[in-house]
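**Q** Output the structure for:
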Amino acid sequence: MKLAIIGQQDFGKAVLEAFLARGDQVAGVFCAPEKPGAKADVLKTAAQEKGVPVFQLPSLKSPEAQDTLKKMGVDIGIMAYVLQFAPQEFVKIPKHGTIQYHPSLLPKYRGPSSINWPIIRGDTKTGLTIFRPTDGLDEGPVILQKETPISPDDTLGTVYFDRLFPMGVKAMLEAADLVVSSKHKEVVQDESHASYEGWCRKAEARVNWANHVDFVYNTIRGCNPAPGAWTTLDGKELQLFDARKHSVRTFGAVRGKIGEVVEVTDKSFQVTAQGGRIEVLRAKLGDGKKLAAAELLSSGQIKAGAMLGT
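**A** Here you go, the predicted model:
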């Protein structure tokens, strides 16, 4: 199989290496230009090390991008984590067109933060989709899907790095084989089940301790490790990463005020929310490093009775 890879970062690199490892011919890699002063994209570096031509074009809509892909004469285009817009004039150039990876069960969770939102909403499953890119964002017909459960304590990190990342690499290979051999089916997405969510960034990751403890916990794990759920302590930003949820069963079990640090041990601290408490195991205060809660506590930076988010 002769192919072109359009992608970025670690996922693009892993997809490149997977195709090369099984003997496929990668005619070229399209990689977005780095911002001034930024490190070279790992996909770019990996391609160069393996002798694969790299093309860093400001836009995939340009005649230059189309001409470059046409000259490659590839069987299929592989879009592996792409933030540049790829128009139909570009993606339809390969003999068998182009396929794209998206880390959700389309048509649900179209958009750029499709791993965060299912966890934040408390969903019990997610997955990945290999589909045909169209001019609509994540709206093209589905070729292949894989599911994975979301456990009550999964984080963005465990869902993506442990499952959706490796599953996605294998799914790209499987889907490419199906398409090139014309054994695939294309299923139009059901718009009645569709949803689009934008970026999960700092504003979305702020913790409101007056929310129910379930929602607070889901926000923390759905933003761990990025963008990092956060609150404030004495005017400083406090990011919350590894945590546990503790529900309260009776009125008598409620401790302190909403947002108050009500329990401190040598390993963690607990904060009151509606319906329970959040036990924080790893956090980052201000401009400091991400630390085990024990280190923040031993330094005296967090004490019982402190109010968060005020």
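
**Q** the strands in the stretch 201-310 of the chain, which residues?
**A** Taking DSSP state E, counting those that start in this stretch as the criterion, the stretch 201-310 of the chain contains strands spanning 229-233, 236-240, 243-247, 261-264, 269-273, 276-280, 282-285, 291-292.

**Q** Identify whichever of these lies nearest to Q301.
**A** strand 282-285 (5.7 Å; Cβ to Cβ). Every C-beta, even on glycine, is put in place using the N, C-alpha and C of the backbone.

**Q** Just the CA coordinates for stretch 256-271, please, in PDB.
**A** The C-alpha coordinates for stretch 256-271 follow below in PDB (Å, rounded to 0.1, in the frame of the first residue of the first chain):
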ATOM      1  CA  GLY A 256     -17.800  22.100  56.900                       C
ATOM      2  CA  LYS A 257     -18.900  24.500  54.200                       C
ATOM      3  CA  ILE A 258     -19.000  24.100  50.500                       C
ATOM      4  CA  GLY A 259     -15.400  24.500  49.200                       C
ATOM      5  CA  GLU A 260     -13.800  24.000  52.600                       C
ATOM      6  CA  VAL A 261     -10.800  21.800  53.200                       C
ATOM      7  CA  VAL A 262     -12.300  19.700  55.900                       C
ATOM      8  CA  GLU A 263      -9.700  16.900  56.400                       C
ATOM      9  CA  VAL A 264      -6.000  16.700  56.000                       C
ATOM     10  CA  THR A 265      -3.900  13.600  56.200                       C
ATOM     11  CA  ASP A 266      -0.200  12.900  55.500                       C
ATOM     12  CA  LYS A 267      -1.200  11.900  51.900                       C
ATOM     13  CA  SER A 268      -4.300  13.900  50.800                       C
ATOM     14  CA  PHE A 269      -6.800  16.600  51.700                       C
ATOM     15  CA  GLN A 270     -10.600  16.600  51.300                       C
ATOM     16  CA  VAL A 271     -12.900  19.400  50.100                       C
END
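
**Q** Show me which parts of it are buried, residue by residue.
**A** Buried residues in stretch 256-271, counted by 16 or more other Cβ atoms under 10 Å: G256, I258, G259, E260, V261, V262, E263, V264, S268, F269, Q270, V271.

**Q** Farthest-apart pair in those residues, please.
**A** Across the buried residues of stretch 256-271 (Cβ to Cβ), the longest gap, 19.0 Å, separates I258 and S268.

**Q** Can you add mean pLDDT and give the strands of the stretch 201-310 of the chain back as JSON lines?
**A** Listed next are the strands of the stretch 201-310 of the chain as JSON lines, based on pLDDT from 0 to 100:
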{"stretch": "strand 229-233", "mean pLDDT": "98"}
{"stretch": "strand 236-240", "mean pLDDT": "97"}
{"stretch": "strand 243-247", "mean pLDDT": "97"}
{"stretch": "strand 261-264", "mean pLDDT": "96"}
{"stretch": "strand 269-273", "mean pLDDT": "98"}
{"stretch": "strand 276-280", "mean pLDDT": "98"}
{"stretch": "strand 282-285", "mean pLDDT": "97"}
{"stretch": "strand 291-292", "mean pLDDT": "96"}
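
**Q** Return the most buried member of these.
**A** With neighbours taken as mean count of other Cβ atoms under 10 Å, the strands of the stretch 201-310 of the chain reach their highest mean count in strand 269-273, at a mean of 25.

**Q** That one packs against which elements?
**A** Packing partners of strand 269-273 (3 or more Cβ pairs under 8 Å, 6 or more residues apart in numbering; DSSP states H and E): strand 261-264, strand 276-280.

**Q** Among these, single out whichever gets nearest to G222.
**A** Once the helices and strands packed on strand 269-273 are compared by Cβ to Cβ, strand 276-280 is nearest, at 13.6 Å.
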